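>>> Take a look and give me a structure for this.
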Amino acid sequence: MDRLLSNFKIEVPKGIYIKDPETSDLGKRIVGNSIELISDIGFEQFNFKKLGLKIGSNESSIYRYFESKHHLLMYLTSWYWVWIEYQLVIETFALKNTKEKLLKGIEVVTRTIKTDSKFSHINEVLLNQNIINENSKVYLTKKVDSENKDGFFFPFKRVVKRIAEIISEHNSTYKHPLSLANTVIEGALQQHFFKQHFTTITNCNKQISVTEFYTDLILKILCNEK
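From the prediction side, this is the model:
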């Protein structure tokens with residue numbers, strides 16, 4: 001496993017990008033700086049002209065990697081979900097007790113993110129904040145069905161399916177593992193958002209974590225089903 005993980009590389013679905021940004025220093029600077037800029041000004045105000053100024057490169061050079069800012073955001077979200085799947089694999093593979101595995105799975109997809117030193121050009125903390133704020137903009141578009149057909153959402157869907165499998169391992173009689181899994185994953189992003197901006201409509205705060213809320217919820221749901 002250690003040898004496998006040492007060779008691990010984030011693989012984003014082809015078609016999202018024109019040229020793989022991981023293959024050049026410029027591409028990595030585009031990705032790293034886009035995370036910072038989106039965090040600073042928001043996706044609505046973000047554009048390739050501003051990103052070009054930030055990285056000291058022509059706007060046209062960014063278009064050699066991504067055809068639009070939508071595709072760049074899709075790349076960032078895909079990278080994030082592949083990274084989350086990576087966390088799920090390494091933190092649950094050795095767990096044989098189904099409850100322990102379930103608790104760890106919930107933790108991975110709901111916790112506050114910390115920096116991962118394995119990927120030096122990516123600030124995972126800022127990327128997570130961008131996902132909390134911007135994730136839904138990737139698929140709430142008119143092109144969602146065609147982009148889904150092209151496989152652009154495979155990373156996110158794989159994470160959902162992994163959590164659903166963990167749920168089913170713990171309680172094989174539960175009838176809605178996929179729906180429960182995507183509710184936890186998407187809901188966790190929303191609870192983190194509410195915790196920061198709409199504090200009066202969530203119980204998650206400095207004392208009660210998003211992970212604690214979903215752990216309590218899922219265990220009670222699955223316990224009642226047994």
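
>>> any low-confidence regions in this structure?
Applying pLDDT under 70 to the chain flags residues 1-8, 224-226.

>>> Tell me which stretches of it form helices.
2-6, 25-41, 48-55, 59-63, 69-92, 98-110, 124-134, 136-139, 144-149, 154-170, 177-197, 210-225 (DSSP state H).

>>> And these: which comes nearest Lys19?
helix 25-41 (6.8 Å; CB to CB). All C-beta atoms are positioned from the backbone trio N, CA, C, and that covers glycine.

>>> May I have that closest one as PDB, with CA atoms only?
Only the C-alpha atoms of helix 25-41 are listed here, as PDB (Å, rounded to 0.1, in the frame of the first residue of the first chain):
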ATOM      1  CA  ASP A  25       5.200  24.700 -14.300                       C
ATOM      2  CA  LEU A  26       2.800  27.200 -16.000                       C
ATOM      3  CA  GLY A  27      -0.100  24.800 -15.700                       C
ATOM      4  CA  LYS A  28       0.600  24.200 -12.000                       C
ATOM      5  CA  ARG A  29       0.800  28.000 -11.400                       C
ATOM      6  CA  ILE A  30      -2.500  28.500 -13.300                       C
ATOM      7  CA  VAL A  31      -4.200  25.900 -11.000                       C
ATOM      8  CA  GLY A  32      -2.600  27.100  -7.700                       C
ATOM      9  CA  ASN A  33      -3.200  30.800  -8.400                       C
ATOM     10  CA  SER A  34      -6.700  30.300  -9.600                       C
ATOM     11  CA  ILE A  35      -7.500  28.700  -6.200                       C
ATOM     12  CA  GLU A  36      -6.200  31.700  -4.400                       C
ATOM     13  CA  LEU A  37      -7.900  34.200  -6.700                       C
ATOM     14  CA  ILE A  38     -11.300  32.500  -6.600                       C
ATOM     15  CA  SER A  39     -10.900  32.500  -2.800                       C
ATOM     16  CA  ASP A  40     -10.100  36.200  -2.800                       C
ATOM     17  CA  ILE A  41     -12.800  37.600  -5.200                       C
END
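
>>> buried stuff in it?
26-35, 37-39 (16 or more other CB atoms under 10 Å).

>>> that older thread, need the helices of the chain in a markdown table (columns: distance to Val12).
Shown next, in a markdown table, are the helices of the chain (distance: least, CB to CB, whole Å):
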| stretch | distance to Val12 |
| --- | --- |
| helix 2-6 | 18 |
| helix 25-41 | 10 |
| helix 48-55 | 18 |
| helix 59-63 | 16 |
| helix 69-92 | 5 |
| helix 98-110 | 19 |
| helix 124-134 | 13 |
| helix 136-139 | 12 |
| helix 144-149 | 13 |
| helix 154-170 | 7 |
| helix 177-197 | 18 |
| helix 210-225 | 26 |
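
>>> So which of the ones you listed is nearest Asp116?
Asp116 sits nearest to helix 124-134 of all the helices of the chain, at 5.2 Å, using CB to CB.

>>> Output the contacting helices and strands for that closest one.
Here helix 124-134 touches helix 25-41, helix 69-92, helix 177-197, going by 3 or more CB pairs under 8 Å, 6 or more residues apart in numbering; DSSP states H and E.

>>> residues in contact with Pro21?
Each residue near Pro21 by CB atoms under 8 Å, 6 or more residues apart in numbering is listed here: 27-28, 30-31, 65, 75.

>>> now do 6 Å
Counting by CB atoms under 6 Å, 6 or more residues apart in numbering, Pro21 makes contact with 27, 30-31, 65.
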